[in-house]
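K.L.:
My questions concern the predicted model and sequence given below.
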Amino acid sequence: MAAPTLATFKVPEIHNEPMRSYAPGSEERKALKAAIAELEQTLPLEVPCIVNGKPIKTGKLAKQPLPHDHANHLATYHEADEATVKAAIDGALAAKADWEAMPWSDRAAIFLKAADLVSGKYRYKLMAATMLGQGKNAWQAEIDAAAELTDFLRFGVKYVEELYSIQPPRNSAGSWNRMEYRALEGFVFAVSPFNFTAIGGNLCATPALVGNVVVWKPSPAATYSNYLIYKIFEEAGVPAGVIQFIPGPPAEVAAQVISHPSFVALHFTGSTFVFKKLWRDVGANIDNYKSYPRLVGETGGKNFHLVHKSAEVKNAVLQTIRGAFEYQGQKCSALSRLYVPSSLWSNGFKDQLLTEVAKLKVGPYAEWTNFIGPVIGRPAFDKITGYIQKAKEAGGEILIGGTGDDSKGYYIQPTVILTKDPKSVTMVEEIFGPVITVFVYEDDDYEKTLELIDTTTSYGLTGSIFATDRKALLQATNKLRNAAGNVYYNEKCTGAVVGQQPFGGARGSGTNDKAGSMAIFYRFVSARSIKENFVSLEDYSYPSNLQ
Ligand SMILES: NC(=O)c1ccc[n+]([C@@H]2O[C@H](COP(=O)([O-])OP(=O)(O)OC[C@H]3O[C@@H](n4cnc5c(N)ncnc54)[C@H](O)[C@@H]3O)[C@@H](O)[C@H]2O)c1
Ligand SMILES: N[C@@H](CCC=O)C(=O)O
């Protein structure tokens, strides 16, 4: 018999995780260095699949290389084969009833504990794994693996508490209406990207918080940090089978999972290309499913900074550098196209931009003053340098950067391209590297430039407007309403904070279900209305039936 719940519990007050500075001489810098040194001594690590809480070593091995030192690797992991994927799905479905039936306060407590493990006991270990494996520097690892992951978990609990409290506002006399937020009938498939450790954790935790079971395929390039998250969930008390960790060959694993009759939702973050492919695969299987699957996907971007002639130049330049080059431009939100009025461009903007970019240091995490690290791997390096080449062939002028060095790690110099063609290839397609293209517009063409920004790409993720003139901000707000799901004024287009700027974009950038908000939880529940009557009928007829 289920345990009784004898009170309506309230979750503790939630705040954003305070960010640590890692300034020279700080305690946190010492602790992070120690965690990095410890990790370096144990390389390469071995990562199994985990099904029903048990490690599975399939013997089908793959490597997660070190982006700063590609001759070596961070981890060797066991790829899920067909039998492992099947066991993961069967095990998840078997774990479902107990997990769904667990009182909400206990599910909440498990994820609040996971948040504390991330922010405390495992903070530096998780950051070290993210720095070595995914090529982040200390600050980028802090905002991702420590702060954002903790925030996703804590705010997730708060949002579910709020969701569950939403009840029908009216009850007719003699009755009580209630709303129950059922977990989906089946299992959720989570497919996560390499670039944010936090996103891997969130893609599992969001559906699991509302009682779903999850089969999780992490990115091959983030396997080890994601494995640590799995272990944290386990230590926090997520029961065996509720989240199944199955790294593996992406296309094969996805094909097997998506064709299963109990597949009920996809929780995806990654490229637009892969999401569209998975969407088509779901469509092709539509007659096999017990329920219509929910498809939640946050995907690529081609994000802009629009500078108005009234902008404060220094702020716009410095925000541009952060937005474009932090984490090597490998954020879905990263700045990629920059629009500057000619009066500012030739009166300081260009010079300040190039002076500041020239100062950016590129290299591995071990040198703390490096602002830019390696890109994630060989395909990324080739793709980004390929785009620089295409820009040159299309008549673009490389103002700075434009070169790469892949002799030891995958490094690309921060690159600024000037184009006279606002629809040239690097203004349109996602590059996902430290490259921006600038288009200089005539000051009087502000209105026309808004139209241009809105119609240049198929994406709609993030964008920023730099202006001190309120009318210019308003004009842009109205005209660019659908050009970005996250818009910023006088602030870079990256760095959304959970609980502050719910994140996601529409058009080709995703289903815009807003990670880090209550909205996303609606996608993983299937509500049931309950009406209870307290007054028994004496007669079936209505007064209108009487003579
Ligand atoms: N909008 C957002 O919130 C957001 C956040 C992070 C990253 N992104 C986007 O993610 C991309 C970068 O991440 P990535 O390189 O990991 O993306 P990706 O699309 O290459 O991979 C994402 C996930 O899909 C898997 N995958 C790849 N091919 C597959 C296939 N054929 N079938 C099934 N699964 C497959 C990968 O193994 C990985 O787990 C960029 O486009 C970026 O804009 C978007
Ligand atoms: N939410 C992050 C981006 C996540 C995608 O890579 C930001 O706002 O910079």
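P.N.:
Nice, I can see it. Not measured: the values here are computed from a predicted model. Ligands and ions are numbered 1, 2, ... in the order given.
K.L.:
Please count neighbours and contacts with C-alpha atoms only from this point.
P.N.:
Fine.
K.L.:
any chance you could map the helices in the stretch 151-300 of the chain?
P.N.:
Counting by DSSP state H, counting those that start in this stretch, the stretch 151-300 of the chain has helices at residues 197-209, 223-236, 250-258, 272-284.
K.L.:
anything in the longest one near ligand 1?
P.N.:
No. Contact of helix 223-236 with ligand 1 is not found when judged by CA under 6 Å from any ligand atom; the minimum separation is 9.4 Å.
K.L.:
got the residues of the protein near ligand 2?
P.N.:
Along the chain, the residues adjacent to ligand 2 under the rule CA under 6 Å from any ligand atom are 331-333, 494-496, 503.
K.L.:
Glu142: what secondary structure?
P.N.:
helix (DSSP: H, G, I helix; E, B strand; the rest coil).
K.L.:
Can you give me the distance of it to Lys125?
P.N.:
Note on Glu142: its distance to Lys125, by CA to CA, to the nearest Å, is 11 Å.
K.L.:
quick one, which of these two is more surrounded?
P.N.:
Neighbours were counted for Glu142 and for Lys125 using other CA atoms under 10 Å; Glu142 has more, 25 against 22.
K.L.:
thinking that one is in contact with Met19, fair?
P.N.:
Yes. Under the contact definition of CA atoms under 8 Å, Glu142 touches Met19, with a separation of 7.2 Å.
K.L.:
What about ligand 1: which of the residues of the chain next to ligand 2 touch it?
P.N.:
Among the residues of the chain next to ligand 2, the ones lying near ligand 1 by CA under 6 Å from any ligand atom are Cys332.
K.L.:
Identify, by residue count, the longest helix of this structure.
P.N.:
In the chain, with assignment by DSSP state H, the single longest helix is helix 82-101.
K.L.:
State the mean pLDDT of the helix or strand following that one.
P.N.:
Past helix 82-101, further along toward the C-terminus, the next helix or strand under DSSP states H and E is helix 104-119. Confidence for helix 104-119, expressed as mean pLDDT, is 98.
K.L.:
so what's Ser516 up against?
P.N.:
For the record, residue 516 is Gly, not Ser. Taking CA atoms under 8 Å, 6 or more residues apart in numbering as the definition of contact, the neighbours of Gly516 are 152, 155-156, 497-499, 501-503.
K.L.:
let me redo that: Pro247
P.N.:
Applying CA under 8 Å, 6+ apart, we find Pro247 in contact with 49, 77-80, 216-220, 223.
K.L.:
give me that answer again for 10 Å
P.N.:
With CA atoms under 10 Å, 6 or more residues apart in numbering as the criterion, the residues that contact Pro247 are 47-50, 62, 77-81, 85, 191, 216-220, 222-223, 226-227, 253.
K.L.:
Next step: the residues you listed restricted to strands.
P.N.:
When DSSP state E defines the strands, the subset of those inside them is 47, 49-50, 62, 77-78, 191, 216-217.
K.L.:
which of those residues has the most neighbours?
P.N.:
Compared across the ones in strands among the contacts of Pro247, Lys217 has the highest neighbour count, 28 neighbours, by other CA under 10 Å.
K.L.:
follow-up on the earlier one: out of the residues of the chain next to ligand 2, flag the one nearest to Asp469.
P.N.:
Within the set of the residues of the chain next to ligand 2, Thr494 lies nearest Asp469; the separation is 22.5 Å, counting by CA to CA.
K.L.:
Let's verify the closest one: helix, strand, or coil?
P.N.:
Under the three-state scheme (three-state DSSP), the conformation of Thr494 reads as coil.
K.L.:
The one 3 residues further on now?
P.N.:
What three-state DSSP gives for Val497 is coil.
K.L.:
For it, give me the pLDDT.
P.N.:
We have a pLDDT of 98 for Val497.
K.L.:
what's around the closest residue to it other than its chain neighbours, how many residues?
P.N.:
For Val497, the nearest residue in space outside its immediate sequence neighbours is Glu148; the separation is 7.2 Å by CA to CA, 6 or more residues apart in numbering. Applying other CA under 10 Å, we find 28 other residues in the vicinity of Glu148.
K.L.:
Could you verify that Glu148 is part of a helix?
P.N.:
Yes. With three-state DSSP as the criterion, Glu148 is located in a helix.
K.L.:
Isn't it up against Ala496?
P.N.:
Yes. Glu148 is within contact range of Ala496, at 9.4 Å (criterion: CA atoms under 10 Å).
K.L.:
Output stretch 187-200 in CSV, but only the C-alpha positions, please.
P.N.:
What follows is the C-alpha trace of stretch 187-200 in CSV, where atoms were taken according to Å, rounded to 0.1, in the frame of the first residue of the first chain:
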residue,chain,number,x,y,z
PHE,A,187,9.1,6.3,-21.9
VAL,A,188,10.9,9.6,-22.8
PHE,A,189,14.0,9.5,-25.1
ALA,A,190,16.5,12.2,-24.2
VAL,A,191,19.2,13.1,-26.7
SER,A,192,21.7,15.7,-25.5
PRO,A,193,24.4,17.8,-27.2
PHE,A,194,28.1,18.1,-26.4
ASN,A,195,28.3,21.8,-25.6
PHE,A,196,26.5,22.1,-22.2
THR,A,197,27.0,19.6,-19.5
ALA,A,198,23.9,21.1,-17.8
ILE,A,199,21.7,20.4,-20.8
GLY,A,200,22.4,16.7,-20.6
